[in-house]
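Colleague: here is the input, now give the coordinates:
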Amino acid sequence: MNSEIIENLRFLISSAKDRDIEQGVSTFNSYIEKLSSTSSEKLVCEDLYRELSGMQRFADFNTKEWQAVQAIFNAIETNR
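Modeller: Sure, this is the predicted structure:
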C-alpha cells in the first residue's frame, strides 16, 4: 500500500511543480518521509486521508491529479 500511495504523492508533487504551483508540495513531501520511515503506517495514512479530504475543498487539481488523489483514498480505504 505504501508504495502506491508514495507513487501517487510523487506524481502530485511533480505535477504541481510542472504547473509552477506549490499546492501541497511540502505536505506531500512530509507524508512521503513519514510513510518511508514509520512503523505506524495506519496512523500516517489516516492523517493523510484527513489532509487530502480538507484539500479537496480548495485545491486546484487537474483531472490526472484528482485521479491520483482518488487512488490514494482507495488505497487507504481498502486497508482500513
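Colleague: got a pLDDT number for E7?
Modeller: pLDDT, E7: 98.
Colleague: who touches the helix or strand hosting it?
Modeller: Using DSSP states H and E, E7 sits within helix 2-18. Residues external to helix 2-18 that are found in contact with it (Cβ atoms under 8 Å, 6 or more residues apart in numbering): 22-25, 28-29, 31-32, 35-36, 41, 45, 48, 62, 64-65, 68-69, 71-72, 75-76. C-beta: built from backbone N, CA, C; applies to glycine.
Colleague: next: stretch 48-68.
Modeller: Outside stretch 48-68, the residues touching it (Cβ under 8 Å, 6+ apart) are 5, 8-9, 11-12, 15-16, 19, 21, 23-24, 27, 31, 35, 69, 72-73, 76.
Colleague: out of those residues, which end up buried?
Modeller: Among these, those classed as buried by 16 or more other Cβ atoms under 10 Å are 5, 8-9, 11-12, 15-16, 23-24, 27, 31, 35, 69, 72-73, 76.
Colleague: what's the lowest-pLDDT member of the residues you listed?
Modeller: The minimum pLDDT among these falls on Q23, with 84.
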